[in-house]
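In: can't give you the sequence, but here's the structure:
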């Protein structure tokens, strides 16, 4: 793993500390993902964040030049986005993405 990816993972771990034992780390999507109570919320691959967001927020969120729909086969995945490093430069911005991912995960719990 490259040093930049490891640094991003460290930052994500700090951002997710408020959820403690409800967070699990797992290799997925060619990177490392974090799951809240078994539901993927945020992760890192190729120095980008992967974030699950509510479908109703997709249009608004993808207006940012730092965000694009996530897809590996050319087809966007439902409720997944990539965020480039410019979109989470500060800890505050990273925290917002982490919180959005956890909020999405909470909607998927039965």
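Out: Done, it's in. All of these numbers come straight from a predicted model, not from anything done at the bench.

In: going by C-alpha atoms from here, please, whenever you check contacts or count neighbours.
Out: OK.

In: host element of the nearest residue to residue 38 once chain neighbours are set aside?
Out: Of all residues not flanking residue 38 in the chain, residue 24 sits nearest, at 7.2 Å (C-alpha to C-alpha, 6 or more residues apart in numbering). Of the helices and strands defined by DSSP states H and E, residue 24 is found in strand 23-28.

In: so what strands line up beside that strand?
Out: Paired with strand 23-28 in the same sheet, following DSSP bridges, are strand 31-36 (antiparallel).

In: rewinding a little: buried ones in the strand holding residue 24?
Out: Residues of strand 23-28 classed as buried by neighbour count (16 or more other C-alpha atoms under 10 Å): 23, 25.

In: contacting residues around the residue nearest to residue 38?
Out: For residue 24, the contacting residues are 34, 35, 36, 37, 38, taking C-alpha atoms under 8 Å, 6 or more residues apart in numbering as the criterion.

In: what score does it have for pLDDT?
Out: In the prediction, the pLDDT value recorded for residue 24 is 97.

In: so what's it bridging to?
Out: Note on residue 24: beta-bridge partners residue 35, judged by DSSP bridges.

In: wait, a strand at residue 73?
Out: No - read with DSSP: H, G, I helix; E, B strand; the rest coil, residue 73 is coil and lies in no strand.

In: what sits closest to residue 69 if chain neighbours are left out?
Out: Leaving out its chain neighbours, the residue that sits closest to residue 69 by C-alpha to C-alpha, 6+ apart is residue 81, at 4.4 Å.

In: so which bits of the lengthiest helix in the chain are buried?
Out: As assigned by DSSP state H, the longest helix anywhere in the chain is helix 91-107. Buried residues in helix 91-107, counted by 16+ other C-alpha under 10 Å: 94, 95, 97, 98, 99, 100, 101, 102, 103, 104, 105.

In: against which helices or strands is it packed?
Out: Under the contact criterion of 3 or more C-alpha pairs under 8 Å, 6 or more residues apart in numbering; DSSP states H and E, the helices and strands touching helix 91-107 comprise helix 3-15, strand 31-36, strand 39-45, strand 48-52.
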